[in-house]
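**Student:** Just the structure for this:
(chains A and B)
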2 protein chains.
Amino acid sequence: MGRWEPDARGRLAKAALDLYSERGFEQTTAAEIARRAGLTERTFFRHYADKREVLFAGSPEMQHLFVTAVAGAAPSASPMEALAAGYDAVSGFFADRRDFARKRQAVILQNAELLERELMKLASLAAALAGALRERGTATAEASLAAEAGVAVFKVGFERWVSPGEERGMAQLLRGALAELGSLTGGRLSGGG
Amino acid sequence: MGRWEPDARGRLAKAALDLYSERGFEQTTAAEIARRAGLTERTFFRHYADKREVLFAGSPEMQHLFVTAVAGAAPSASPMEALAAGYDAVSGFFADRRDFARKRQAVILQNAELLERELMKLASLAAALAGALRERGTATAEASLAAEAGVAVFKVGFERWVSPGEERGMAQLLRGALAELGSLTGGRLSGGG
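**Tutor:** Alright, predicted model coming up:
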């Protein structure tokens, strides 16, 4: 596997994001990423399947943390309280990745293929969260609604967290958005029977 | 443009959905769809750019109706009330298309590429609804949250509407899901300050 390369994976990720931001995702090659990181192309492919993978490598761990926290919330917690426990868990995951997340968001919004993959990732997250809520005893229909709304809140809170100049922490923004949704939907609608 | 073909477009759409349901989307060709509809392949391509287009041809009209209804809701309506006016408008659009929508949903859930396009369509709808809410005077952050949550409710309510055996109307199910979201998010959460 060649000589020792301290934090090769992290260096490659940083170099990739810098290049995607400077030149655009399409215009960047794996060889260029490796060169910027002071590593070889072969090393790049030991760590990432392709240059797209750099942007989504953290997704499975993030989803696992989210779902595990929902599953492990107090039995007395409501579905939205359980989802809020998930928000706290992913906020810990993202805490020291804000600069990376900001650059990543900008790159993804400029590329339809990346955006599609991001949306699929969020849909997969919603399905997994609905499953975790059902495991906790939430009825199927309610679990789907809570999970989809929970992911909508996550998406909006995340966008706020990466917006320029925003300094509040992710947990605060996510819980804030959830509380805001409660105000938006509370008590002023005619029901559907 | 050849001889007169009564409702060629509708016949092609029905034939396409029947074939996608029977054989799968990938295994169906435009020529087969045309043959099933008793029309020529050339006629198919006068009505649809490709076989995928059959599944998404109604999306722009649906989005237009939705956004126009939100924009046209009473000035006193809250963001979620304006979105509920949008639900009523799209429910009218879908009223006589339930069988088509049921088959379409099953086809889309079985094909990753179609699902990606569907998710992009919903993301585009959320962006357009947020724009309509901002035009009504809703603050940007609140408009994004309301629109994303409104689309989450639409997605779940739509899934309920196409679920087997469900006979209630779409407007009732969409407004019911929105009221349910109000109950789910109302009053039991610690805020994010």
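**Student:** just checking, A:Leu174 touches A:Glu159?
**Tutor:** No: using Cβ atoms under 8 Å, A:Leu174 is not in contact with A:Glu159; the gap is 10.9 Å. The way it works is simple: take the backbone N, C-alpha and C, and place the C-beta from them, glycine included.
**Student:** Give me the more crowded residue out of the two.
**Tutor:** Remark: of A:Leu174 and A:Glu159, A:Leu174 carries more neighbours, 26 against 18, as counted by other Cβ atoms under 10 Å in any protein chain shown.
**Student:** helix, strand or coil for that one?
**Tutor:** helix (DSSP: H, G, I helix; E, B strand; the rest coil).
**Student:** What average pLDDT does stretch A:145-157 get?
**Tutor:** Per-residue pLDDT over stretch A:145-157 has a mean of 98.
**Student:** okay, now the domains of chain A?
**Tutor:** As recorded under automatic domain parsing, the domains making up chain A are A:8-53, A:58-181.
**Student:** Nearest to chain B, out of those?
**Tutor:** Of all the domains of chain A, domain A:58-181 sits nearest to chain B, with 3.0 Å by Cβ to the nearest Cβ.
**Student:** Straight-line length of the closest one, end to end?
**Tutor:** 27 Å (Cα to Cα, to the nearest Å).
**Student:** Is there any residue in that domain that contacts chain B?
**Tutor:** Yes: residues of domain A:58-181 contacting chain B under Cβ under 8 Å from any Cβ of the partner chain: A:78-81, A:84, A:112, A:115-117, A:119-120, A:123, A:141-142, A:144-146, A:148-149, A:151-153, A:155-156, A:159-160, A:171-181.
**Student:** Narrow the residues you listed to those in helices?
**Tutor:** A:79-81, A:84, A:112, A:115-117, A:119-120, A:123, A:141-142, A:144-146, A:148-149, A:151-153, A:155-156, A:159-160, A:171-181 (DSSP state H).
**Student:** List the buried residues of the host helix or strand of A:Lys14.
**Tutor:** For A:Lys14, the host element (DSSP states H and E) is helix A:8-23. For helix A:8-23, the neighbour count (16 or more other Cβ atoms under 10 Å in any protein chain shown) marks A:Ala8, A:Arg9, A:Arg11, A:Leu12, A:Ala13, A:Lys14, A:Ala15, A:Ala16, A:Leu17, A:Leu19, A:Tyr20, A:Ser21 as buried.
**Student:** Could you name the helices and strands sitting against the following helix or strand past that helix?
**Tutor:** Under the assignment DSSP H and E, the closest C-terminal helix or strand after helix A:8-23 is helix A:30-36. Packing partners of helix A:30-36 (3 or more Cβ pairs under 8 Å, 6 or more residues apart in numbering or on different chains; DSSP states H and E): helix A:8-23, helix A:41-47.
**Student:** Please save the CA atoms from helix A:30-36 in PDB.
**Tutor:** Backbone C-alpha positions of helix A:30-36 (Å, rounded to 0.1, in the frame of the first residue of the first chain) are rendered in PDB as follows:
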ATOM      1  CA  ALA A  30      -8.900  12.700  -9.600                       C
ATOM      2  CA  ALA A  31      -5.300  13.200 -10.700                       C
ATOM      3  CA  GLU A  32      -5.500  16.900 -10.000                       C
ATOM      4  CA  ILE A  33      -7.000  16.300  -6.600                       C
ATOM      5  CA  ALA A  34      -4.200  13.900  -5.700                       C
ATOM      6  CA  ARG A  35      -1.600  16.400  -6.900                       C
ATOM      7  CA  ARG A  36      -3.100  19.200  -4.900                       C
END
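**Student:** All set now, cheers.
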